[in-house]
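*Asks:* model the following, please.
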Amino acid sequence: MVKKKLFIKPLIFALAVSSLGISQAAYANAAELKIGAWPGSQPTASNIDTLEALQQRNLDYIQTFIDWKTNFDGVRSCADATYANGSIFMITWEPWQYNTVQIKDGAADSYIKKMADDMKAYGKELWLRPLHEANGNWYPWGIGDSKVNTNESYIAAYRHIVDIFRAEGATNVKFVFNVNCSNVGQGASFMGHYPGDAYVDYNSIDGYNWGTTQSWGSTWQSFDQIFSSAYNALKPVNKPIFIAEMSSAEKGGDKAQWITDTYNTIKTFYDKIFSVMWFNENKETNWTINSSEASLAAYIKAIGGSTPTAIVGDINKDGKINALDYAKLKAYLLGSSTETPNMNTWDVNGDGKLNAIDLAIFKKYILGQITAFPR
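*Replies:* Purely as a prediction, here's the structure:
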């Protein structure tokens, strides 16, 4: 029998959010806060499904990271997987080969123009986060301690990028300005390099609770300790704010409690934050939502997750069962699709296998010979 999901894919967050006065009351339900993630590797249908199954809630936003040697074709499949999931795709765009002076002076123009043309041709809404965390000293485009990059050169470089996209007509691309949660290095500031409202669609902040994991003397910090300074700097600007990267270590405190406290704090006191994107990778430390059972349970509760029951037969996850799903199953069985199947939706007879029997049953369903799947 076909089952209904216990949760429904949230509507894509309207761009009109920039004009909304999001109040504390708006977050009475945890699901009101939009949820995104870097899934730990380049987004695919498989790792998106895996993460959503873990957190028991659909992702509103999905993020990836690319350098300036990678064209849009290099992440087109990631974008496809994201939009097939009903989410919005954000690219964090890292020009490792360039500083801001080189960018503003046109050294990367042919590459930027190619990206603009390809993203325009893609047609769907895309978010682009270039030159992130520039108020630090660890990136080639960073201002902190730099002998090359300045607030002025950063602003000129950022505007130059946006101007090229606009000249190419890539109006489907939304631009995200980003700061690190703290200023690091001489000359670094939260707003000294702000490109201006006309060049920014969203403001964002990155920050992590490193706990006691790092040799440089990291300490356990609350959300307020990490994010309040950057948030207060960005808040007067008439742009919506989201957290573009966030996570916590396990070592040095109670990660599960940190997650609970963090989301309660955001929903209660940070009224301009409309979304949080979790950095879900075991990297410098285990940043994943399931680094422990307690952390996962806390995360599910904090984001308002609910245990999903898949719609059997809804292979493309559009909320319908029709010939498109049948075609997708057939393509997989014929070997022309390499997608990793979700057995909860693909295995229509519930025998734990995918074969011609499932295809035959699906065909009967499409033809109206049966009205439910035998599982």
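
*Asks:* can you confirm Ile62 is in a strand?
*Replies:* Yes: residue state for Ile62 (DSSP: H, G, I helix; E, B strand; the rest coil) corresponds to a strand.

*Asks:* quick one, what contacts it?
*Replies:* Listed by CB atoms under 8 Å, 6 or more residues apart in numbering, the contact partners of Ile62 are 36-39, 43, 48, 78, 81-82, 85, 87-90. To be clear about C-beta, it is placed using only N, CA and C from the backbone, and glycine gets the same treatment.

*Asks:* let me know the closest of those to His193.
*Replies:* Taking CB to CB as the measure, His193 lies nearest Met90 of those, at 20.3 Å.

*Asks:* could you identify the helix or strand that succeeds the helix or strand where that closest one lies?
*Replies:* Assessed by DSSP states H and E, Met90 sits inside strand 88-94. Beyond strand 88-94 on the C-terminal side, the first helix or strand identified by DSSP H and E is helix 100-104.

*Asks:* how about residues contacting that following helix?
*Replies:* Contacts for helix 100-104 (CB under 8 Å, 6+ apart): 95, 108, 131, 134, 141, 148-150, 153-154, 156-157, 160-161.

*Asks:* and the pLDDT at the nearest residue to His160 once chain neighbours are set aside?
*Replies:* Counting by CB to CB, 6 or more residues apart in numbering, the nearest residue to His160 once its immediate chain neighbours are dropped is Lys104, at 5.1 Å. According to the prediction, Lys104 has pLDDT 99.

*Asks:* and the gap between Lys104 and Glu94?
*Replies:* Distance, Lys104 to Glu94, using CB to CB, to the nearest Å: 17 Å.

*Asks:* before we move on, back to that, helices and strands around the strand holding Met90, which ones?
*Replies:* Here strand 88-94 touches strand 61-67, helix 76-84, strand 126-130, going by 3 or more CB pairs under 8 Å, 6 or more residues apart in numbering; DSSP states H and E.

*Asks:* would you format these as JSON lines with mean pLDDT included?
*Replies:* As requested, the helices and strands packed on strand 88-94 are arranged in JSON lines below (pLDDT from 0 to 100):
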{"stretch": "strand 61-67", "mean pLDDT": "99"}
{"stretch": "helix 76-84", "mean pLDDT": "96"}
{"stretch": "strand 126-130", "mean pLDDT": "99"}
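
*Asks:* so which of these is nearest Lys330?
*Replies:* Here helix 76-84 is closest among the helices and strands packed on strand 88-94 (CB to CB), at 17.4 Å.

*Asks:* could you list the low-pLDDT ranges of the chain?
*Replies:* Applying pLDDT under 70 to the chain flags residues 1-31, 306-310.

*Asks:* kindly recompute the last result at 50.
*Replies:* 1-28, 307-308 (pLDDT under 50).

*Asks:* nearest to the spatial middle of it, which residue is it?
*Replies:* Ile62 (2.9 Å; CA atoms, centre = their mean).

*Asks:* beta partners for that one?
*Replies:* As for beta bridges, Ile62 partners with Ala37, Phe89 under DSSP bridges.

*Asks:* make residue 1 into 43 and carry on from there
*Replies:* Right, with 43 as the first residue, what we last looked at is Ile104.

*Asks:* so it versus Lys325, what's the distance?
*Replies:* Taken as CB to CB, the span from Ile104 to Lys325 is 18 Å.

*Asks:* got the phi and psi for Ser379?
*Replies:* Dihedral pair for Ser379: phi -130, psi 140, per degrees, to the nearest 10.
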